[in-house]
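Asks: quick check, what structure comes out for this input:
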Amino acid sequence: MRRRTAAALAGLIPLALSTLLSTSASATGTAHARAVPLTELTVVSEQVASGLRRPIAITGLPDGRMLIAEKEGTVRAYHPDTGLTAGPVLDLTARIESADNERGLLGITPAPDFARTGMLYVSYTSRPAGALTLARLPIGAPERLQVLLTQDHAEYGNHNGGQVAFGRDGYLYWSTGDGGYANDPYKSGQDLGTLLGKIVRIDVSRACGVTPYCVPGSNPFVRTTGARPEIWLYGLRNPWRFSVDPADNSLWIGDVGQGLVEEVDHVRPWQGGANLGWSCKEGTPIFDASQCKAGVQYVDPVFEYEHYMTEGCSVTGGVVYRGTRTPEARGTYIASDYCNTLAFAVRPTAGGGYETATIGTFPTQPTAFGTDTQGEVYVLSDYPGWLSRVRFERVVPPSAAVRR
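Replies: The predicted model follows:
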């Protein structure tokens with residue numbers, strides 16, 4: 001996550017990747033009901049709550065509530081029938097180091113059995129030195145917080161990652177940044193001996209010895225000497241926001257770039273161990289040739305855009321729409337940028353490629369996307385402190401309107 005003041009953009013700006021139009025089924029084999037080309041969709045945002053203090057992460061609960069993490073360590077609840085709670089439903093400020101712009105309470109997700117246990121999983125930068133921390137606790141009992149996993153991150157305050165999410169496989173996924181500053185100072189992106197610059201996958205349903213979690217035997221590096229077995233993916237710079245597509249358990253990752261390219265990666269369940277390139281590559285361009293190794297296979301992003309083309313600064317990874325209100329948009333991944341607020345849409349095609357388009361804009365300074373239990377989309381806005389509901393609308397092409 002990086003922050004800059006964004007200039008207002010007039011109209012839509014062409015994306016760095018070409019748009020491949022397709023109305024057929026996605027590459028997963030799941031048909032898009034009444035699918036239309038992305039260029040015939042637009043997003044519309046409706047503000048439903050305000051007064052949040054730097055809202056930074058959002059997740060849905062089985063009872064219809066949305067939990068919203070505020071950077072300093074408080075959690076508020078929103079329900080479409082009753083609105084935003086006046087005060088926090090959870091307060092972790094005593095544990096959290098939030099002095100730096102990118103430190104704080106960074107991620108929150110309910111356990112798969114939340115309806116029975118009330119258990120939440122959170123990620124944050126902990127006091128006193130900003131260590132990346134993954135923990136769990138019952139929503140009504142913060143004194144019972146249990147730390148599961150930590151990664152030292154003391155020297156620089158930026159690039160903390162922080163997303164947490166459960167996959168359809170029941171495992172917990174957690175993203176971490178590369179250690180901060182710039183240029184991958186610790187060369188951690190390509191280093192399997194550290195959790196920095198990675199996405200981790202662990203089994204939190206059981207403990208293994210004194211460790212309060214287990215490493216799945218199918219993790220790619222469990223038998224690699226010198227590697228952290230918790231690693232699922234590597235070669236990331238700052239995967240500030242990723243999401244799991246509930247339809248196929250694939251990961252969609254918004255990885256914040258250095259200064260040229262912002263990228264979105266799509267990683268299928270069978271691609272565990274994928275190397276996403278940083279800091280050999282920034283998106284598809286070579287960034288640091290000394291970090292590139294002969295014979296290593298890098299997984300390129302499915303979408304990228306350059307700052308100078310869009311006045312962007314930091315990609316905000318989004319979610320795949322699986323709701324019911326707009327069948328034409330099902331299977332569409334939407335994301336944005338903190339500075340330009342453009343609505344980026346990406347969708348797999350039957351031929352194995354991706355169709356992309358810009359389909360409007362989101363409210364200012366989008367920090368996170370989330371979905372409710374019905375699969376409908378919400379977006380947070382940072383300093384304004386807004387929560388907005390997102391819906392899709394069909395846009396009739398001018399040529400089609402003339403024919404009618």
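Asks: now the nearest residue to residue 291 once chain neighbours are set aside: how far from residue 197?
Replies: Sequence neighbours aside, residue 280 is the residue nearest to residue 291 in space, at 4.2 Å (criterion: CB to CB, 6 or more residues apart in numbering). The C-beta positions use only the backbone N, C-alpha and C, and glycine is treated the same way. Taking CB to CB, to the nearest Å as the measure, residue 280 falls 12 Å from residue 197.
Asks: out of the two, which sits in the busier spot?
Replies: residue 197 (31 against 21; other CB atoms under 10 Å).
Asks: I figured the more buried one hits residue 185, correct?
Replies: No: if you go by CB atoms under 8 Å, residue 197 and residue 185 don't touch, sitting 11.1 Å apart.
Asks: identify the contacts common to those two.
Replies: Counting by CB atoms under 8 Å, 6 or more residues apart in numbering, the shared contacts of residue 197 and residue 185 are residue 179.
Asks: one step back: got any residues that touch both of residue 280 and residue 197?
Replies: The contact lists of residue 280 and residue 197 share 189, 235, where a contact means CB under 8 Å, 6+ apart.
Asks: which residues of the stretch 301-404 of the chain fall in helices?
Replies: 307-310, 398-403 (DSSP state H, counting those that start in this stretch).
Asks: lowest-confidence stretch among those helices?
Replies: Least confident of the helices of the stretch 301-404 of the chain, judged by mean pLDDT, is helix 398-403 with a mean of 51.
Asks: how about residue 381, nearest residue that isn't a chain neighbour?
Replies: Per CB to CB, 6+ apart, closest to residue 381 is residue 363, 4.7 Å.
Asks: what count of nearby residues applies to the one you found?
Replies: Neighbours around residue 363, by other CB under 10 Å: 19.
Asks: thought it was touching residue 389?
Replies: No: Residue 363 is not in contact with residue 389 according to CB under 8 Å; the separation is 10.6 Å.
Asks: and for these two, which residues touch both?
Replies: residue 45.
Asks: where are the low-confidence patches of the protein?
Replies: By pLDDT under 70, the weakly predicted segments of the chain are 1-34, 398-404.
Asks: where do the helices of the stretch 51-200 of the chain begin and end?
Replies: 114-117.
Asks: which residue ranges of it form strands?
Replies: 55-60, 66-70, 74-79, 83-84, 90-91, 105-110, 119-126, 131-138, 146-151, 164-166, 172-175, 198-202 (DSSP state E, counting those that start in this stretch).
Asks: using JSON lines, please lay out the ones you listed together with mean neighbour count.
Replies: Listed next are the strands of the stretch 51-200 of the chain as JSON lines, based on neighbours: other CB atoms under 10 Å:
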{"stretch": "strand 55-60", "mean neighbour count": "25"}
{"stretch": "strand 66-70", "mean neighbour count": "26"}
{"stretch": "strand 74-79", "mean neighbour count": "20"}
{"stretch": "strand 83-84", "mean neighbour count": "14"}
{"stretch": "strand 90-91", "mean neighbour count": "18"}
{"stretch": "strand 105-110", "mean neighbour count": "26"}
{"stretch": "strand 119-126", "mean neighbour count": "24"}
{"stretch": "strand 131-138", "mean neighbour count": "21"}
{"stretch": "strand 146-151", "mean neighbour count": "16"}
{"stretch": "strand 164-166", "mean neighbour count": "21"}
{"stretch": "strand 172-175", "mean neighbour count": "26"}
{"stretch": "strand 198-202", "mean neighbour count": "26"}
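Asks: so which of the ones you listed comes closest to residue 49?
Replies: When those are compared by CB to CB, strand 83-84 sits nearest residue 49, at 4.2 Å.
Asks: is it true that residue 165 touches residue 241?
Replies: No: counting by CB under 8 Å, residue 165 does not reach residue 241; the two are 9.8 Å apart.
Asks: verify the stated contact: residue 48 with residue 391.
Replies: No: Residue 48 is beyond contact range of residue 391, at 11.5 Å (criterion: CB under 8 Å).
Asks: state the distance from residue 75 to residue 290.
Replies: 43 Å.
Asks: count the residues that sit near residue 351.
Replies: Neighbour count for residue 351, taken as other CB under 10 Å: 10.
Asks: phi first, then psi, for it.
Replies: Torsion angles at residue 351 (phi, psi; degrees, to the nearest 10) stand at phi -80, psi 0.
Asks: return the distance of it relative to residue 387.
Replies: Distance of residue 351 to residue 387, given as CB to CB: 38 Å.
Asks: give the bridge partners for residue 265, please.
Replies: Assessed by DSSP bridges, residue 265 has beta-bridge partners residue 253.
Asks: and it, how many residues sit next to it?
Replies: By the criterion of other CB under 10 Å, residue 265 has 27 neighbours.
Asks: again, but for the one 3 residues further on
Replies: Here the neighbour count serves as a burial measure; for residue 268 (other CB under 10 Å) it reads 15.
Asks: you'd agree it is up against residue 245?
Replies: No: using CB under 8 Å, residue 268 is not in contact with residue 245; the gap is 9.7 Å.
Asks: which residues in the stretch 201-350 of the chain form strands?
Replies: 231-234, 241-244, 251-255, 261-267, 303-306, 315-320, 333-337, 342-348.
Asks: contacts for the first one?
Replies: With contacts defined as CB under 8 Å, 6+ apart, strand 231-234 is touched by 173, 189-190, 192, 195, 197-201, 219-221, 251, 253, 267, 271-276.
Asks: list buried residues within the residues you listed.
Replies: By neighbour count, with 16 or more other CB atoms under 10 Å, the contacts of strand 231-234 hold 173, 189-190, 192, 195, 197-201, 219-221, 251, 253, 267, 272-276 as buried.
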